[in-house]
Structures are given as structure tokens and as C-alpha cells.
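Chemist: Whatever this is, show me its structure:
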Amino acid sequence: LLDIQEIRNELFDTRGNVLVQRIATFASDWTILDVKVITNESLDALGNAAKVTIKKYAQGLVDADGYIQYQDFMDVTVIETSLFDKRGNALTQTVKKYSDEAGTTLIETQSITNAPYDFMDRATRSTITTTNSTGLFVDKQIIDYLGYDSYGNVVDQTIERYGELDTLIDYKVIHNTYADMLAARRGNATRSTITRYTSKETLDDTTLIERQEIYNNSFDTRGNIVDQAIELFVDGKMAKRTVIHNSSIDNRGNAQNQSITSFIYNPVTFTADIETGFQEILNRTFDSDSNVKDQQVKNYLDSTKTLLLDIQEIRNELFDTRGNVLVQRIATFASDWTILDVKVITNESLDALG
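Modeler: Residues are numbered from 1 along each chain as shown. Purely as a prediction, here's the structure:
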């Protein structure tokens, strides 16, 4: 059981299309994930809405009369689609995210153009231009989907990223391997290689920025990632290595507990094997997009856990459309829980790398 949704369709047009609905999403244990209030406007003859407004709330319940109540506003997403193909796939659309319930305080805007989909309704190319809250250009991405597996997972893709003057910032070549069929059904690769260049024509050491290797080494019985290693190579050397262990994974793939060990390059062994830190993370709550809202991070000197450096209580209050944290509060404590400080952090004008 992935999740449970209670849906109330409150208004229909004369053709039976839903115009207003409330959706309360719960985890399998009936813990509330969020409530969405969705309004569909300007529907065409096929039921495609030219404008969709989604208001998201962190708390909610179904009352004794079956009515969905909600509170603790999170954000508003407004999706306007000006062109669909004959099968209802969006070809041209704008996605705006707001931080206030009235939809007046803009977070960011994404203008998306999709090339014609293939016969299986799979995207072949997407162009995404992002602007910030003041309308200033952030970046433009052109994503080519070069191959899919039988489950619809992307095997090969390239991503071009451009600056405001349409000059190339970087070019990514991504290859995913899906060797575990159960994991593949959940969209989880066994290995991903992400190579980043300064050119899209010349792909060699003269233009190479970095290469990232992601190994998902073990999965649970539902195909969720349990053990993962991320290796970053710069100038042919492994600059960093991060080893992650996930446990208490729910049906949606969210890990309640994580341990993260970090390593850097060792000039003696020529690999990243010098341990620089160890973290134990407790992820208490997620939203329905699997963004972590409430977490505790214990920072240790190393994986022996003999020296606890500090403890952080983190509340992520606002996210952009890509899941990047925009507003967060971090309370940092000493090992004896003496408060050190509280930081309120606001992130703006995030590029494609976050």
C-alpha cells in the first residue's frame, strides 16, 4: 500500500469534468501527508484544463460528515497549458509557484515546451526556462530523452543548460542501468553515470568538468534503495565518496532513518578513503512529493560515533517545483542539548543544480 487518498469532487461542468476537488493524501498508517485543493478551468472538448490551480496544506482530516478539512497552508502551484497534442499531452505550458494563499507572492516560474511525444506517450525533448520571483532569468534546460526501458524509465538522456545570453553553461550525459527488475518497477536504477562537460560537441577530457557514479547496491523487498554509494571524479581522481544507508523505509520509498559517511581523496591511496564525517538523520515527516519537512541530524566526528559534534533540528518550510528548499529553520544544539543558535535561511534564484 503506497498511500491512501480521500477525494471529494465538489463541482462539475455539464460534461461531467471535475472543476473543484479536494484530495487528502495519507500514508499507509493514516498519517496525513497533505491536502490539495484543485481548481480546473477552461476545459476543452477532451477535458484538458487550460488552467489548474493547486493549493497545498500540511494538515487535514476527514470530519464526521465526510468533509475534508484542512489548515497550515504550504504553497500554490498554477499550471497554464496553451497547447495539447491530440492525446492530451501538454506541449506548451507555464508553471508558477507562489508562497501565499492568494497567489500573489511569486516563488518562481517555469516555461515548458515539449516536443511531440512518441506513440507510447513518452517525452522525447523538453525545454524548461526558469525565472525567479522577480522575473529575472535563472537558466534554460534542454532535455533529450534518448531511450527508455520496458517500465518507462529513462535509460539515456542529455541535459543542456544555458545562461541568459543563451551561452552554454554545461552539458550532462546521463546513463542509467536497471539490473534489478523489482527496483526498476519503482524507477530505481542500480547504477547511474552523470558526466558533465563545458561543451556539447567535444566530449573528452579537455571539456570534462566532473563525473558522478551512483551505485545503488541493495534494495528492500519493495525495490526501495537501502545502500547507496556516490563517487565524484574530478581530473580523473575520486575527489569525494559518500556512503548512505537507508532504513525504516515506508511504502512510498521515504527513509525515516539514514546514516551518511563522507570521504575525501587520499593522495597516498589515490582514492577517496579519508573519512571526514558521519551523520545520523531522522526524517520525521514528508509531504506527498516526498520532500522532508521535519528532520533531526546528529553530526559525529566519524563513524565510530565516539564524539558527537552537534545536533540539528531542521524544519523545511517551503520548496520550489524541483524540491529544492527555499525556506528553512535550523536549530543547532551542543551534544548536551545546549542551544548554540537558530538560523532562518532563505534560498533564492536557484539554478538547475540547486
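
Chemist: OK, contacts around residue 331?
Modeler: 312-313, 339, 341-342 (C-beta atoms under 8 Å, 6 or more residues apart in numbering). Just so you know, the C-beta spots here come from the backbone N, C-alpha and C atoms, and that holds for glycine as well.

Chemist: what about burial for those, which qualify?
Modeler: Buried subset of these (neighbour count, 16 or more other C-beta atoms under 10 Å): 312-313.

Chemist: quick one: which of the contacts of residue 331 is nearest residue 180?
Modeler: residue 312 (33.5 Å; C-beta to C-beta).

Chemist: Show the pLDDT at the closest one.
Modeler: Note for residue 312: predicted pLDDT of 98.

Chemist: unless I'm mixing things up, it is touching residue 332, no?
Modeler: Yes - between residue 312 and residue 332 a contact is recorded at 5.3 Å, counting by C-beta atoms under 8 Å.

Chemist: before we move on, the earlier item: export the contacts of residue 331 to CSV and append columns for distance to residue 145 and secondary structure.
Modeler: Formatted as CSV, these follow (distance: C-beta to C-beta, whole Å; DSSP: H, G, I helix; E, B strand; the rest coil):
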residue, distance to residue 145, secondary structure
312, 38, strand
313, 40, strand
339, 48, strand
341, 45, strand
342, 43, strand
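
Chemist: can you give me the helices in this structure?
Modeler: With helices called from DSSP state H, the chain shows them at 181-185.

Chemist: Count the residues that sit near residue 284.
Modeler: Burial measure for residue 284: 13 neighbouring residues, criterion other C-beta atoms under 10 Å.

Chemist: shouldn't it be in contact with residue 314?
Modeler: No - assessed by C-beta under 8 Å, residue 284 is found out of contact with residue 314, at 10.0 Å.

Chemist: Show me which positions of stretch 174-183 end up buried.
Modeler: Per 16+ other C-beta under 10 Å, stretch 174-183 contains these buried residues: 174-176, 178, 180, 183.

Chemist: Mind checking the pLDDT average for that stretch?
Modeler: In the prediction, stretch 174-183 has an average pLDDT of 96.

Chemist: repeat for stretch 104-120
Modeler: Throughout stretch 104-120, pLDDT has a mean value of 92.

Chemist: can you pull the buried residues of it?
Modeler: 106-112, 114, 117.

Chemist: For residue 288, grab phi and psi.
Modeler: phi -70, psi -10 (degrees, to the nearest 10).

Chemist: ugh, typo on my part, it should be residue 17
Modeler: phi -70, psi 140.

Chemist: all strands for the stretch 101-250 of the chain, in order.
Modeler: All strands of the stretch 101-250 of the chain, identified by DSSP state E, counting those that start in this stretch, fall at 106-114, 125-131, 137-148, 154-162, 168-177, 191-197, 208-219, 225-234, 237-249.

Chemist: can I get the ones you listed in TSV with distance to residue 277?
Modeler: Below are these laid out as TSV (distance: least, C-beta to C-beta, whole Å):
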stretch	distance to residue 277
strand 106-114	32
strand 125-131	32
strand 137-148	31
strand 154-162	30
strand 168-177	27
strand 191-197	23
strand 208-219	19
strand 225-234	14
strand 237-249	10
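
Chemist: Quick one: closest of these to residue 89.
Modeler: Taking the strands of the stretch 101-250 of the chain one by one with C-beta to C-beta, strand 106-114 is closest: 7.1 Å.

Chemist: what ranges of the chain fall below the confidence cut-off?
Modeler: Flagging of the chain using pLDDT under 70 yields the residue ranges 352-354.

Chemist: how many neighbours does the residue nearest to residue 261 when sequence neighbours are not counted have?
Modeler: Sequence neighbours aside, residue 243 is the residue nearest to residue 261 in space, at 4.5 Å (criterion: C-beta to C-beta, 6 or more residues apart in numbering). Around residue 243 there are 19 other residues, counting by other C-beta under 10 Å.

Chemist: For residue 243, give its distance to residue 174.
Modeler: Going from residue 243 to residue 174 by C-beta to C-beta, to the nearest Å gives 22 Å.
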